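Engineer: Build me a model:
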Amino acid sequence: MAYGRAVARAGCGAAVGALLLVGCTGAGADGERTGRSAAGPSASASARPSGQPSKRPGDRAITPDPARVPRTEAQARALAERVVAGPDAWGPGYVRRTPHLTPPGHWLVLDEQCVWQRAPRPAGVLYSLTAHSELPTGPGKGPVRVAATVNVHRDANGADWDMAETLEETLRCPDQTLREGERVKKLWSQGRWYGRGNDLADDSVFETGDYENAEFDRAYTYNWYQARYGPVTVTVTSKGAEGHRDDDIDKARLEAFVAMLGRVETELGAEVDR
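Structural biologist: This is a model prediction of the structure:
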């Protein structure tokens, strides 16, 4: 059963249970993480065909249609633009932030001081796109800032390294600087590959921690979900704010995440061997 159809039938609550609440990690010079901090193997070093998922003993397979896996930057950009979640995917009241979309070549890495910095996009990544949205301020309410990212790698091995590095970054830097005046602290993460408490994507990661903003008088919840379909990873990030319930932000984040996963499945023509 394809992911989008499974979610439509089971509902968001079941999707969370099956995916085990995938992820939250650091961000960057513009407040959102897009890349990994250490280079994995180059695309040419991978022996795995471009769209083929990684396999572990006992895993079932999520297999993209090889003919629909992007091979060029232009193809990757077109896929990312169709998949990335704008404000409509987050729910009522969400609007575009300015700037809304990151420019071509945008990439962020976590440096040795646990600060997110801009860096050249790795050769193993065909395209990366982040869309920034927010729930604006209101009476007694601060702005809820959210983001969605799509990374299209040259092959599934590169996307695998992206997922693995996410977990490693949290161990190395449980406290991270997103930008001046913004930090996340006490980060912890959990990963679930396909067949191990996750039957919706090749891999999934959940990270959460405390979000501190110099404009706020206390910390709020920071959450980050990431999942991988073959060579494509999708990510959603949310930052809590005054006057908003975590449950409401969680619901919006999950809706955006589910929407992107369904779009990736459609774009890649993925077949799920259950």
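Engineer: distance of the closest residue to Gly243 other than its chain neighbours from Val184?
Structural biologist: Closest residue to Gly243 apart from its sequence neighbours, by C-beta to C-beta, 6 or more residues apart in numbering: Lys141 at 3.4 Å. (Each C-beta comes from the backbone N, C-alpha and C, glycine too.) According to C-beta to C-beta, to the nearest Å, Lys141 stands 21 Å off from Val184.
Engineer: So between these two, which is more surrounded?
Structural biologist: Val184 (30 against 13; other C-beta atoms under 10 Å).
Engineer: Whichever strand or helix holds that one pairs with which strands, parallel or anti?
Structural biologist: Assessed by DSSP states H and E, Val184 sits inside strand 182-193. Strand 182-193 pairs in its sheet with strand 176-179 (antiparallel), strand 203-213 (antiparallel), by DSSP bridges.
Engineer: could you give the mean pLDDT of stretch 97-110?
Structural biologist: Averaging pLDDT along stretch 97-110 yields 94.
Engineer: distance between that stretch and the chain's centre?
Structural biologist: 14 Å (C-alpha atoms, centre = their mean, to the nearest Å).
Engineer: same check, this time on stretch 72-79
Structural biologist: The mean C-alpha position of stretch 72-79 is separated from the chain mean by 18 Å, C-alpha atoms, centre = their mean.
Engineer: Kindly report the same for stretch 229-248.
Structural biologist: 8 Å.
Engineer: buried sites along it?
Structural biologist: 229-241, 244 (16 or more other C-beta atoms under 10 Å).
Engineer: Only the C-alpha atoms, please, for it, written as PDB.
Structural biologist: Extracted in PDB, the C-alpha atoms of stretch 229-248 (Å, rounded to 0.1, in the frame of the first residue of the first chain):
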ATOM      1  CA  TYR A 229      12.400   7.800   0.000                       C
ATOM      2  CA  GLY A 230      15.200   6.400  -2.100                       C
ATOM      3  CA  PRO A 231      17.500   9.400  -2.900                       C
ATOM      4  CA  VAL A 232      15.000  12.000  -1.600                       C
ATOM      5  CA  THR A 233      14.800  13.300   1.900                       C
ATOM      6  CA  VAL A 234      12.000  15.500   3.200                       C
ATOM      7  CA  THR A 235      12.100  17.600   6.400                       C
ATOM      8  CA  VAL A 236       9.700  19.700   8.400                       C
ATOM      9  CA  THR A 237      10.700  22.000  11.300                       C
ATOM     10  CA  SER A 238       8.700  24.000  13.800                       C
ATOM     11  CA  LYS A 239       9.500  26.500  16.500                       C
ATOM     12  CA  GLY A 240       7.000  27.100  19.400                       C
ATOM     13  CA  ALA A 241       5.900  30.500  20.500                       C
ATOM     14  CA  GLU A 242       3.800  32.200  23.100                       C
ATOM     15  CA  GLY A 243       0.100  31.400  23.200                       C
ATOM     16  CA  HIS A 244       0.300  28.300  21.100                       C
ATOM     17  CA  ARG A 245      -0.300  24.700  22.200                       C
ATOM     18  CA  ASP A 246       2.300  22.200  21.200                       C
ATOM     19  CA  ASP A 247      -0.500  19.800  20.100                       C
ATOM     20  CA  ASP A 248      -1.700  22.400  17.600                       C
END
